[in-house]
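Peer 1: sequence first, then the predicted structure, then my questions.
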Amino acid sequence: MSSSKVSFIEEEKFRDLIAGVDTDLNLSNNSISGDISNVLLSSNFILLNNNNFTGTLPHLSPEVEYVDLSHNSFIGSIPQGWKNLKYLYFISLWNNNLFGEVLEKLSWSTYLEVINLEKNDFFGTIPNNMSRYLSLVILRSNKFEGSIPPQLFLLSRLIHLDLAHNKLSGSIPQIAYNTTQMITDNYSTFIFVQDDNIDFYAKGQVYEYKIDSRRRTIDLSANKISGEIPSELFRLIQVQTLNLSYNHLTGTMPETIGGMKNLESLDLSNNKLFGEIPENMATFFSVSSYNGNPKLCGAPLTKCSMEKNPVNIIQHGINEEGEFDEESLYLVMGIGFVVGFCGLFGSLVIFRKWRHKYDLLLNGVYDKLYVTYMLKFNNLRNREAL
């Protein structure tokens, strides 16, 4: 009964109805409202997405395989009983009002292929023991924190990884990536329902499209990820969309990025990258792909200077507004003070004769200042007496 414009229901009878369905329950894309938090759903395939359900999440049979409760108004945390969903291979809770730790409970689902938790308030860390069958991992727009586990880049079936807009920190794992589907062009077939779709983000634009096993995406934007970009990441040559913007990434762009022959959308903006953009990338992407990296140069940005004299080093610390970069200013001041202090007092400590001459110099200066002061003071007093 999907897309049937169903809106009014008698809640008690409706709860009895959906609890009695043991195969396929598809009421998606209607306007059904109500609280089904106390209902035990026994269907293998449950599609209640795009409705107006409220309350906490319903209880699920351990035999459930497919669950789509996205685009509703569910609240609360994941029921404890969901740890028993060992046959679950698809779960979408996209766009609800859910919170709490969720991934530890879903990590028990050893056959899980698709997980979409976008636009909720889930928190916690990403566990290391997620299902090895995962192909789509969408945790976007939540409050997940901690580092990205290396195991995510060892999932051979992974085609879509979206961890954007969270609180993830640490560095991108530097390992030998084994995401086969992002390296080879041997596309696997995945079991998806015909109406399955996800949001695709590129340069601030949102596109909704049906899940396609031929598309490869990595989005780690808007987190707190630091460190250098591992060259191994750019060896995932089947990736079409790569977004690492709005992080704290440093270092230069590895030459291996030129090997991503299928790359259609690249966003490295608003990081702390420096150095020259590889020539093999100069003509493929616009300035917006690199903006917000003041020390990055080369086409399509400004031309890199090859000179290494002190003037260029100082100019390197000037920001786009023409002001001296605060970090560079403090660095130069600190270095100057340390060098001056060590040069003067270090010499006085080491060389005895220098120390003696320094004492004589100070005494001489003091005597001259004292005599000059006394002469001027006496002259002024004599004038007042007259």
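Peer 2: Alright, I've got the coordinates. Numbers count the residues shown, from 1 in each chain.
Peer 1: can you give me the strands in the stretch 1-150 of the chain?
Peer 2: All strands of the stretch 1-150 of the chain, identified by DSSP state E, counting those that start in this stretch, fall at 24-26, 33-35, 40-41, 45-47, 52-54, 59-60, 66-68, 75-76, 90-92, 97-101, 114-116, 121-124, 136-138, 143-146.
Peer 1: next, format those strands as JSON lines and append distance to G170.
Peer 2: C-beta: built from backbone N, CA, C; applies to glycine. Formatted as JSON lines, the strands of the stretch 1-150 of the chain follow (distance: least, CB to CB, whole Å):
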{"stretch": "strand 24-26", "distance to G170": "41"}
{"stretch": "strand 33-35", "distance to G170": "40"}
{"stretch": "strand 40-41", "distance to G170": "38"}
{"stretch": "strand 45-47", "distance to G170": "36"}
{"stretch": "strand 52-54", "distance to G170": "37"}
{"stretch": "strand 59-60", "distance to G170": "34"}
{"stretch": "strand 66-68", "distance to G170": "31"}
{"stretch": "strand 75-76", "distance to G170": "30"}
{"stretch": "strand 90-92", "distance to G170": "26"}
{"stretch": "strand 97-101", "distance to G170": "19"}
{"stretch": "strand 114-116", "distance to G170": "21"}
{"stretch": "strand 121-124", "distance to G170": "15"}
{"stretch": "strand 136-138", "distance to G170": "17"}
{"stretch": "strand 143-146", "distance to G170": "7"}
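Peer 1: do you know which of the ones you listed lies nearest L266?
Peer 2: Ranking these by their distance to L266 (criterion: CB to CB) puts strand 136-138 first, at 20.1 Å.
Peer 1: which outside residues touch that closest one?
Peer 2: The contact list for strand 136-138, computed with CB atoms under 8 Å, 6 or more residues apart in numbering, reads 94, 113-118, 130, 152, 158-163, 198, 211.
Peer 1: got a PyMOL select line for the buried ones in those residues?
Peer 2: Selection of buried members from the contacts of strand 136-138 for PyMOL, criterion 16 or more other CB atoms under 10 Å:
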select buried, resi 94+113+114+115+116+117+118+130+152+158+159+160+161+162+163+198+211
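Peer 1: ok, back up a step: just put the strands of the stretch 1-150 of the chain in a markdown table and tack on distance to P173 and mean pLDDT.
Peer 2: Converted to a markdown table, the strands of the stretch 1-150 of the chain look like this (distance: least, CB to CB, whole Å; pLDDT from 0 to 100):
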| stretch | distance to P173 | mean pLDDT |
| --- | --- | --- |
| strand 24-26 | 39 | 91 |
| strand 33-35 | 42 | 89 |
| strand 40-41 | 37 | 92 |
| strand 45-47 | 34 | 93 |
| strand 52-54 | 38 | 92 |
| strand 59-60 | 33 | 94 |
| strand 66-68 | 30 | 95 |
| strand 75-76 | 33 | 95 |
| strand 90-92 | 24 | 94 |
| strand 97-101 | 22 | 95 |
| strand 114-116 | 19 | 94 |
| strand 121-124 | 19 | 96 |
| strand 136-138 | 14 | 94 |
| strand 143-146 | 13 | 96 |
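Peer 1: check which residues of stretch 163-183 are buried.
Peer 2: For stretch 163-183, burial by neighbour count (16+ other CB under 10 Å) applies to 163-166, 168, 171-173, 177, 179-183.
Peer 1: give the rounded mean pLDDT of that stretch.
Peer 2: For stretch 163-183, mean pLDDT rounds to 90.
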